[in-house]
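Student: please work out how this folds:
(one chain, ligands or ions: 1)
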Amino acid sequence: MDNIKNYLNDLKTLISFKSEKGKKEPAAPFGKECRYAINFIKSLAEKFGFTTIDYDGYCLEVDFGEGEEIGIMGHLDVVPAGDGWESEPYTLTEKDGVYFGRGILDDKSPMLSCLYCLKELKESGIKVNKKFRMFFGTNEESGWEDVEYLKTKTTLPKYGFSPDGNFPVSYAEKGMCIVNFYLPKLKNFSKVKGGTVVNAVCGYATAQGIIDEGLLLKHGLTVSKDGKIESVGKSAHGSRPELGINAIKKLFAYFIDCGENLEKEYEYLFGDGFSFSKMINEQGDVTFSPDIICEDETGIKITCDLRFPAPITLEEVLKKLEASGLKYTYSLKHGTQFVEKDGFLVDTLINAYNAVTGESAKPIAQSGSTFARVFEKGVAFGPEFPDKPSTIHEPNERASIEEIEKTYDIYKKAIFDLAK
Ligand SMILES: [Zn+2]
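Tutor: All right, here's what the predicted structure looks like:
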């Protein structure tokens, strides 16, 4: 990067906007700090000689080139800074070659890098055979309303990438479904309760009922001061249930030993009753995690996180649920995302990554959901490098100058190669 000084200056300005979701104002649907961030990118892009379209503060589009369209989708909003920072989160702070600031990785510096790369492409004078359409969203972290709005105002490119995921390049994302199972009330237990959010393995659950010291010990359960049976597990992301210990599972094993007729439910929810283990392919496996349990007058409800890799469909997964005979409802959060691994898009991006890093990495599939799915054939491409602990959404979010420059070089090669 030859204009690193200007780049860091612009990054400093971008980080200074506290673009957490704020109060809706005219032309600022997600608060005025998100609006300021859009205004700043708009003036910068226009200074670089690009045309821009302001989608009423929901999203900003920056265009360059002529030809087949390539989308680049990212965001300027951030999750709240939270506690535990060693520097002021909204001041770009350098320490020993490492830059700190909320949103530096997610997603401000990668988006700024792509904009700078487009500027370099423009100044290179190379003949460009593509039309690049960059989209700066402002509501990625809290509901994707920016994308919903954008879709009502324009037709998005078919192909594109989002610098809001991981390197090397992720060509597939799982579909996600939330499933509720309904069980009748238990004979000997009541007030069953556990879990906080649907996408995290239940780490703590409680119930009231039979206290059997020996069986409590057997299942690793305890009794609280106010007489509640307590089950402590270990939380993990709902897409990786194998990394956690489900507190509801321990509780159910205890219930069964105390005479509850729950063997079938136990096998479906915590064994492999649905035979999901057989539904596996190159893009990954079907994961199933019962993460929240609650009880009311009508009975017990268990809410589960269910994910499936393409080309497995929702219908195939539902067939398994249906066959169980258990009472359930479901809601689809999103379908699967899949881009051909040997197509021009994935090929160009993985080659750019390998050329800059010297690696011989292969495209990956992932279980999370990114802005890549905004495009029919969209992939996630950076900025996080594999095998490095993530600081995204954490205090002291950071990137070293080497990482920033390496990321920049990867985007530059990718964008120049795509332009051909
Ligand atoms: Zn992000």
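Student: contact residues of this protein facing the ion?
Tutor: Applying C-beta under 5 Å from the ion, we find that the chain lies next to the ion at D106, D107, D164. Yep, even glycine has a C-beta here, placed from its N, CA and C like the rest.
Student: low-confidence regions, the chain specifically.
Tutor: The model of the chain has pLDDT under 70 over residues 2.
Student: domains for it, by residue range?
Tutor: Following automatic domain parsing, one finds the domains of the chain at 4-174+337-419, 176-334.
Student: residue contacts, the residue in the stretch 151-300 of the chain positioned nearest to the ion?
Tutor: Of all residues in the stretch 151-300 of the chain, D164 sits closest to the ion, at 4.2 Å by C-beta to the ion. When contacts are counted by C-beta atoms under 8 Å, 6 or more residues apart in numbering, D164 is found next to M73, G74, H75, D106, D107, P110, E140, T370, F371, A372, A380, P383.
Student: quick one: buried ones out of these?
Tutor: Among the contacts of D164, the ones that count as buried by 16 or more other C-beta atoms under 10 Å are M73, G74, H75, D106, D107, P110, E140, T370, F371, A372, A380, P383.
Student: can I assume the second one sits in a strand?
Tutor: By that I understand G74. Yes - with DSSP: H, G, I helix; E, B strand; the rest coil as the criterion, G74 is part of a strand.
Student: need the helices for the stretch 1-150 of the chain, in chain order.
Tutor: Across the stretch 1-150 of the chain, reading from the start of the chain, the helices by DSSP state H, counting those that start in this stretch fall at 4-16, 32-47, 109-124, 145-153.
Student: got CSV for those helices, with distance to Y411 too?
Tutor: Supplementary listing: the helices of the stretch 1-150 of the chain in CSV, determined by distance: least, C-beta to C-beta, whole Å:
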stretch, distance to Y411
helix 4-16, 12
helix 32-47, 16
helix 109-124, 5
helix 145-153, 21
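Student: most tightly packed of these?
Tutor: helix 109-124 (a mean of 22; mean count of other C-beta atoms under 10 Å).
Student: that helix packs against which elements?
Tutor: Helices and strands touching helix 109-124, by 3 or more C-beta pairs under 8 Å, 6 or more residues apart in numbering; DSSP states H and E, are helix 4-16, helix 32-47, strand 59-65, strand 68-75, strand 130-137, helix 401-419.
Student: for the second one, packing partners?
Tutor: So the one you mean is helix 32-47. Of the remaining helices and strands, those touching helix 32-47 by 3+ C-beta pairs under 8 Å, 6+ apart are helix 4-16, strand 51-55, strand 59-65, helix 109-124, strand 130-137.
Student: got it, and the fifth one?
Tutor: If contacts are counted by 3+ C-beta pairs under 8 Å, 6+ apart, strand 130-137 sits against helix 32-47, strand 59-65, strand 68-75, helix 109-124, helix 145-153, helix 401-419.
Student: that strand pairs with which strands?
Tutor: Take DSSP bridges as the rule and strand 130-137 pairs in its sheet with strand 59-65 (antiparallel), strand 68-75 (parallel).
Student: could you redo the ones you listed as JSON lines and give each row distance to P389?
Tutor: Supplementary listing: the strands paired with strand 130-137 in JSON lines, determined by distance: least, C-beta to C-beta, whole Å:
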{"stretch": "strand 59-65", "distance to P389": "31"}
{"stretch": "strand 68-75", "distance to P389": "22"}
